[in-house]
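*Asks:* quick one, fold the following:
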Amino acid sequence: MSSHDNKYQEKSKNKEPGELAKKLLQYIPKNSTILDLGAGAGVDSRYFADNGHFVTAIDRETAVISETIESYGELYTGRIIVIKDDFYHMNLPVSDAIYANYSLPFCETIKFTDKWSSLESQVKIGAVIALIFFGKNDDWKNYTEKFTFHSSEEVLKLLGNYEIIHLENKEYDGKSMRPSGEIIDKHWNVIEVIAKKMK
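*Replies:* Numbering: from 1, shown residues only. Got it, this is the predicted structure:
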């Protein structure tokens, strides 16, 4: 595991579930199968499982989530499957919902279109997606060799085959963590979307 990922996941493993995770559960039935793409420390994966769903948690680094789940004994047996992989490079399991909280934008701008097309083509008709994109006013907007940024209009274009259930372009001042582990101030601009694939 990279030092940065390890530090971030250790710091975040006891956080509250994300607001987008809570919103997603309003639109899917109990016992749904959910892919958590870029699951990190597994906070949202555990939240989904605690609320009656079956989760496949995918991340390039899985030591923290695996250790955390194991610490609960048999509580999550059969409820959470952990896969160590890059979700952009794999064949995704068929699922009722796909959740990506702050993971999709961590892709070089020049590679995003092809990777998005490959990922999106694996979403089944009727599945619900809950995603976060980086907006154009995010503090990291110049780092296109590392990240990808969208306007709300561009997100809507990406989701032409979907019924938009919820879309919000949010800006706020918060914190970020440097590779050294130092916590710094950061202006965030994110686009939060929940949508259902129709065709």
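
*Asks:* state the mean pLDDT of the helix ranked longest in the chain.
*Replies:* Determined from DSSP state H, the single longest helix within the chain is helix 109-120. If you average the pLDDT over helix 109-120, you get 95.

*Asks:* and it, how far from the chain's centre?
*Replies:* 15 Å (C-alpha atoms, centre = their mean, to the nearest Å).

*Asks:* let me see the contact set for the residue nearest the centre of the chain.
*Replies:* Centroid-nearest residue in the chain, with C-alpha atoms, centre = their mean: A100, separated by 1.9 Å. By C-beta atoms under 8 Å, 6 or more residues apart in numbering, the residues touching A100 are D36, L37, G38, F87, I129, A130, L131, I132. (Each C-beta comes from the backbone N, C-alpha and C, glycine too.)

*Asks:* quickly list what it is bridged to.
*Replies:* Following DSSP bridges, A100 is listed with bridge partners L131.

*Asks:* can you give me the pLDDT of it?
*Replies:* 97.

*Asks:* then K141?
*Replies:* 94.

*Asks:* ok, the nearest residue to it once chain neighbours are set aside - how many residues close by?
*Replies:* Using C-beta to C-beta, 6 or more residues apart in numbering and skipping residues adjacent in sequence, the residue nearest K141 is F149, 5.4 Å away. Around F149 there are 21 other residues, counting by other C-beta atoms under 10 Å.

*Asks:* likewise for the one 5 residues further on?
*Replies:* Residues lying near E154 (other C-beta under 10 Å) number 15.

*Asks:* helix or strand next in line after the helix-or-strand element of the chain with minimal mean pLDDT, which one?
*Replies:* Lowest on mean pLDDT, DSSP states H and E among the helices and strands of the chain sits helix 3-12, with a mean of 53. The helix or strand immediately downstream of helix 3-12 is helix 19-24, counting by DSSP states H and E.

*Asks:* for the helix or strand that that following helix is followed by, C-alpha coordinates in PDB please.
*Replies:* Following helix 19-24 in sequence order, the next helix or strand is strand 33-37 (DSSP H and E). The C-alpha coordinates for strand 33-37 follow below in PDB (Å, rounded to 0.1, in the frame of the first residue of the first chain):
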ATOM      1  CA  THR A  33     -26.200  -5.700  -4.600                       C
ATOM      2  CA  ILE A  34     -23.900  -2.600  -4.600                       C
ATOM      3  CA  LEU A  35     -20.500  -2.000  -6.100                       C
ATOM      4  CA  ASP A  36     -18.400   0.400  -4.000                       C
ATOM      5  CA  LEU A  37     -15.800   1.700  -6.400                       C
END
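
*Asks:* what's the angle from strand 33-37 to helix 109-120?
*Replies:* Computed by axes from the mean of the first three to the mean of the last three C-alpha atoms, to 10 degrees, the angle separating strand 33-37 from helix 109-120 equals 170 degrees.
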